[in-house]
Structures are given as structure tokens and as C-alpha cells.
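> Got a predicted structure plus its sequence, pasted below:
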Amino acid sequence: MNSIKLTAMTLGLIAAGAFAQTTPAPQTATQPAQQPEALPNPQPPAPPQATEVTAEKKGPEFKISGKAEFDAYGDLNMEDNNKFMHSYASTVDVDVNVKFNDSWSAFVEIEADGDLEKPSVYYNKAFVKYTINENTSFKFGDLTFSEGAFKFYKFDDQGVNAAGMREHDIRGLEFNYFGLQLGLGFGRHNNDAPCGKFTDCPEEIGKSYDAHAAYQFEIDGHTFRPYIHYKSWQNDKANELHTGLDANLALGPFDIHTVYGLHVDRLTKSNPNGTHAFLIEPALNLDGFQLKTGFFFAIFDDDLALATIHGDEIPEYKFAYGEADFTINDALTLGCVIEWHTNTIDSDRELGTLELGPRAYFSPVNNLDIKGFAKAILPLGDDWESLTHGQWVSTKDYGKELNLSFGVETVFKF
């Protein structure tokens, strides 16, 4: 009760003080009323100038990166009067990444690539990406799908070769959720024509569409990626299916890359029959030493007229290789390689080669890599003697005599 009285008295004193400060004291008879002091005439604030920026608007962020590569090669074929022939390969790849905000971004790629010293520059792709979180995103625009790539240096261009599926370009949609990847769109670029080195063109350009699905997951440090890709030209004689599994196994100092790929054409027809591709690429990584090996085998139908052949996707029906590299210092690695190739997809032909020679890798600074090699190529097989052997060769025609080859490949990134 006392606390209530004390609180009431306190509030009364606060109110009385406030009233005393706001209420003027009464004037006496002998004291004239004080006139209020005149206030200055207020001026309205000046309007903002037309050039004044009231709020700064942040524009998109740009990041430009890419790489350039220039290569030079020399080849000597003993059949060709011991003359060296030179050739070039050049690539410039410029990537522009645009960030609008934390959710929206875009990508543009301009490229020049070819077996020339001056390849033409062309637009390669562009897409827009919406990121929900680090594990979920959408893309729409020009997209590329490929599966089961070779690590082997001779066939590692996924735009040309793959044990699973070489690059398929589309203009469409892509959804990524953790390890799940889904894609759907119309065929684009070389992916829009249903023909290749060994196939005819049953349909014109402009009718193709692709559907892609893959799921990548890990078990105890091992990575697995099953995939399936269907392509159609809206014709029962023009469709294809790629499906299989790409796996990377980590076993201490050993890394093992394996691929199984099934390649099928004209799914509703009795032929061509499917092609099965098997790849295993074990590698041993020790301090200062690396051993890279690989073996590839593809099963085509015995009658190639009834086999699924997607152009140069599978370069030959069998090959094996091994490369041993020794790290000299942070900038220099020296090694040697030995390779065996069949050079054909026809298992009845004997067009093999044995290739061996030294290799050197020089990286004096970050983002600059120079690779040099020399090798001897020894033809193995009676079919090299045939005047018509070129019709069976699926890689390079080496002829029946010894070949010597060397080259320097320079790549820098920016």
C-alpha cells in the first residue's frame, strides 16, 4: 500500500513539474505582459539539383577468365621420303561470369578452337542461373552434358571422345539438387544433326530434343555417378540412348577411375545393336612419383553395319597405356609413356601400333603449363600393308613404316 502511495506521489510530482514548465506565470498589475519574440521568416529548403544522386544503385559484378593454348607438332613418316611435316592447334577460351545478386547470375563463353594457327572466333554458349542455396539451382540457356570422359591425354577432349557420352549441346533447362542433375532442351550446334562419320542423316536439322539425368553420390570417399541420356529427332529411325556408370575409387595412394557406357541407336528397331564400352584407369600417387595407367575395351557388333557407332565418340575398340612421372621440383616433372592402340573399331583388322617416348611438364609459375613430348610409333599388323587399309582406320593413318612424332603444348590461364 505504501509503494502505491509512493508511486502516486512520484507521478504527481513529475506531472506538476511538466505543467509548471509549459504554463506561463500570471502577469502582475505592475509588470506589463511580455510580448513574444518575433520568429524569423522560415525559408523553404532548396530543391535538390537535377544531378544529385539520392540513392546509389549497384550494378552487376563482372569476372572475366579463360585460357589460351598454342601447340606445335612435328611428324616424320619413313614412307614419306624422311620429310618432317608440321601442324598446329590453337585455342582461346574467354569466359564472362556476371553476378546480379546472391541469387541471379549469368555466364557467356566465347571461343576460338581448331587445328590451325588462326582459328575463327565464335559464340559458344550463354546461360542464366538462379541459385536457391549452395545445393539447389536452376539454369536456362545453352547447356552441355557429357559423361564418362577419358583421362588419357590423347582422348580427353570430351567434345570429341568419351567412353560414356561425348558433349551434347542443348538450348533448354537444367535443375541441380545436391547430386541430382536433370536437363531438357532442343539440340544445338553439332548435336542437332543426326549424322556422323559412319552414319547417314535421316532427318534435317531443327527436330531434335534431349533429356538428361544423372545422380552423383559418395560412399566412404568413393564417388559414383549413374547417368542416362535420351535423344530423339522425332523419328523411329533417328534416336539414341546413352546410359552407364562413372565411378572414382579412392584406395589410399591409389585412385581408380572406371566407366561403363552403353550406346544404343534406333531403340524401337531390331538394329543397330548396342555398343558396350569399358574403361579402367588406375593411378598411383606417391611423394615425387606418379604412375598413370589405363585399359579400354569396346564391344561392337561383329557386323559393323549393324553396330551403334556415334561418329568418333569411341575412337578405337581397344587400347592400353602406362605413364611414369617423376617430380624433379615444383616446376618440372619428367616422365615416359608407353601405349598400345588398335586404331580401328573393326576387331577383325590388324592395324595396331606401339608408341613410346619421354614427356616433360614445366610449370614455372601458377597458371602457366608447358608440355613437351617425343615418341616413336611402330606399326603392328599385316593390314598396314594393304593399299585400302585407310577405310578401316578410325584414329590416324600411320602407314606401314616407323613414325617419329614430337610436340610442344603451351597453356596459360587468366
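Received it, and whenever you're ready, just let me know what you need.

> where along this protein do the helices fall?
2-22 (DSSP state H).

> which intervals of the stretch 1-150 of the chain have sub-threshold pLDDT?
1-57 (pLDDT under 70).

> List the contacts of residue 65.
Remark: with contacts taken as Cβ atoms under 8 Å, 6 or more residues apart in numbering, residue 65 is in contact with 95, 97, 413, 414. Bear in mind the C-beta positions are built from the backbone N, C-alpha and C, glycine included.

> mind running it again at 6 Å?
Contact analysis of residue 65 by Cβ atoms under 6 Å, 6 or more residues apart in numbering lists residue 95.

> Residue 263 too?
By Cβ under 6 Å, 6+ apart, the neighbours of residue 263 are 242, 275, 308, 310.

> Check residue 151 too.
257, 281.

> how about 8 Å then?
So residue 151 contacts 257, 281, 292, 294 (Cβ under 8 Å, 6+ apart).

> which among these gets closest to residue 332?
residue 292 (17.6 Å; Cβ to Cβ).

> Residue 333 is in contact with the closest one, correct?
No: counting by Cβ atoms under 8 Å, residue 333 is not a contact partner of residue 292; they are 11.8 Å apart.

> Give me the common contacts of the two.
Contact criterion Cβ under 8 Å, 6+ apart; residues shared by residue 292 and residue 333: residue 325.

> Could you list the buried residues of stretch 368-387?
369, 371, 373, 375, 377, 379, 381, 383, 384 (16 or more other Cβ atoms under 10 Å).

> Could you do stretch 167-185 as well?
So, applying 16+ other Cβ under 10 Å, buried residues of stretch 167-185: 167, 168, 169, 170, 171, 172, 174, 176, 181, 183, 185.

> measure the nearest residue to residue 406 once chain neighbours are set aside to residue 334 for me?
Once flanking residues are discounted, residue 406 sits nearest to residue 374: 4.1 Å by Cβ to Cβ, 6 or more residues apart in numbering. Distance of residue 374 to residue 334, given as Cβ to Cβ, to the nearest Å: 12 Å.

> Report the set of residues contacting both of the two.
The contact sets of residue 374 and residue 334 overlap at residue 358 (Cβ under 8 Å, 6+ apart).

> Surely residue 95 is in contact with residue 107?
Yes: the criterion here is Cβ under 8 Å, and residue 95 meets it with residue 107 at 6.9 Å.

> Just give me the residue right at the centre of the chain.
Geometric centre of the chain, nearest residue: residue 144, 7.9 Å, by Cα atoms, centre = their mean.

> distance of residue 97 from residue 107?
6 Å.

> same question, residue 228
25 Å.

> And residue 85, by the same measure?
Taking Cβ to Cβ, one finds residue 85 at 39 Å from residue 107.

> So if I had to pick from those two, which one is more boxed in?
residue 107 (16 against 10; other Cβ atoms under 10 Å).

> residues in contact with that one?
Per Cβ under 8 Å, 6+ apart, neighbours of residue 107: 95, 96, 97, 98, 125, 126, 127, 129.

> Would you write out the PyMOL command that picks the buried residues out of those?
Command for PyMOL, covering only those of these found buried under the criterion 16+ other Cβ under 10 Å:
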select buried, resi 95+98+125+127+129
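
> and of the contacts of residue 107, the nearest to residue 162?
Nearest to residue 162 among the contacts of residue 107: residue 125, at 18.4 Å, using Cβ to Cβ.

> Grab the nearest non-local neighbour of that closest one.
residue 142 (3.6 Å).

> From what I see, that neighbour and residue 171 are in contact.
Yes: contact criterion Cβ under 8 Å: residue 142 and residue 171 qualify, at 5.5 Å.

> shared neighbours of the two, anything?
In contact with both residue 142 and residue 171: residue 188, using Cβ under 8 Å, 6+ apart.

> So what sits opposite residue 184 in the bridge?
Beta-bridge pairing of residue 184 under DSSP bridges involves residue 173, residue 211.

> Please report how far it lies from residue 238.
Note on residue 184: its distance to residue 238, by Cβ to Cβ, is 18 Å.

> swap in residue 353?
Taking Cβ to Cβ, one finds residue 353 at 35 Å from residue 238.

> Kindly report the same for residue 225.
Residue 225 is 27 Å from residue 238, by Cβ to Cβ.

> doesn't residue 381 make contact with residue 398?
No: counting by Cβ under 8 Å, residue 381 is not a contact partner of residue 398; they are 10.4 Å apart.
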